[in-house]
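Asks: I would like to see how this sequence folds:
(chains A and B)
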Amino acid sequence: TQLLEQSPQFLSIQEGENLTVYCNSSSVFSSLQWYRQEPGEGPVLLVTVVTGGEVKKLKRLTFQFGDARKDSSLHITAAQPGDTGLYLCAGVDNYGQNFVFGPGTRLSVLP
Amino acid sequence: EAQVTQNPRYLITVTGKKLTVTCSQNMNHEYMSWYRQDPGLGLRQIYYSMNVEVTDKGDVPEGYKVSRKEKRNFPLILESPSPNQTSLYFCASSPRVTDNSPLHFGNGTRLTVT
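Replies: You can find the predicted model right below:
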């Protein structure tokens, strides 16, 4: 079974700080997706990284896919309270039959 | 509007009283899935379906049933709910299970079993 691990589990920072969260696996994934979930709502897709070494930017969010396609990172510059939420990474399993999710990083940005 | 619709949004019931949470998508998606989310935790998959009449167990299927008789609907059935099934439930769908297929989530169903 392919597993995705995420770190840190919890992160509480002040507005304006930078942060990086990580998604790791011992298995190769053909791509990884990042979702953000706000309290009481369903997760929403932020980005999909497909190519090893790929970097994608979404305003203040920078996503990177590892060269070996076993890990990914999300860097947020100058965090804002609106960035608060649960960040989940996900990928397609080896059999191409199911999506697997990491446990998530719960981010709290304090004003 | 393309969406995944779950009903009800909130449900309070008693132990042992059978209930069904409905999930419907209007995007002709092949893949659908149910998750539960407990306070402070991530998503745990209950069941998923790759297409009509094809369903498979996820990580926590005990106490739940599903059916996929038509493409748009994927109801979650609790035959005899128990308090440990109190949770926030999400349904999701995707065109298919591929790298560039995003998951679309419903707004959630908050279930309380007393």
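Asks: show me what the longest strand belonging to chain A is packed up against.
Replies: Secondary structure of chain A per DSSP state E: the longest strand is strand A:85-92. Packed against strand A:85-92, as judged by 3 or more C-beta pairs under 8 Å, 6 or more residues apart in numbering or on different chains; DSSP states H and E, are the following elements: strand A:5-7, strand A:32-37, strand A:99-101, strand A:105-110. All C-beta atoms are positioned from the backbone trio N, CA, C, and that covers glycine.
Asks: for chain B, see how far away the closest residue to A:T105 other than its chain neighbours is.
Replies: Once flanking residues are discounted, A:T105 sits nearest to A:V21: 4.3 Å by C-beta to C-beta, 6 or more residues apart in numbering or on different chains. Distance, A:V21 to chain B, by C-beta to the nearest C-beta, to the nearest Å: 13 Å.
Asks: state the distance from A:V21 to A:G85.
Replies: 11 Å (C-beta to C-beta, to the nearest Å).
Asks: give the residues shared as contacts by those two.
Replies: Between them, A:V21 and A:G85 share these contacting residues under C-beta atoms under 8 Å, 6 or more residues apart in numbering or on different chains: A:L107.
Asks: for chain B, what is the nearest residue in chain A?
Replies: Of all residues in chain A, the one sitting closest to chain B is A:G42 (3.0 Å; C-beta to the nearest C-beta).
Asks: isn't that residue right up against B:G106?
Replies: Yes. Using C-beta atoms under 8 Å, A:G42 makes contact with B:G106 at a distance of 5.8 Å.
Asks: can you pull the residues that touch both of those two?
Replies: Common neighbours of A:G42 and B:G106 (C-beta under 8 Å, 6+ apart) are B:V4, B:F90, B:A92.
Asks: what does the helix or strand where the last one lies contact?
Replies: Secondary structure assigned from DSSP states H and E places B:A92 in strand B:87-94. Counting by C-beta under 8 Å, 6+ apart, strand B:87-94 makes contact with A:40, A:42-43, A:99, B:4, B:6, B:21, B:23, B:25, B:27, B:29-38, B:43, B:46, B:74, B:76, B:101-106, B:108-111, all of which sit outside it.
Asks: direction included, what does that strand pair against?
Replies: The strands that strand B:87-94 pairs with in its sheet are strand B:31-37 (antiparallel), strand B:104-105 (antiparallel), strand B:109-113 (antiparallel) (by DSSP bridges).
Asks: next helix or strand past the longest one?
Replies: Next helix or strand after strand B:31-37 toward the C-terminus (DSSP H and E): strand B:43-51.
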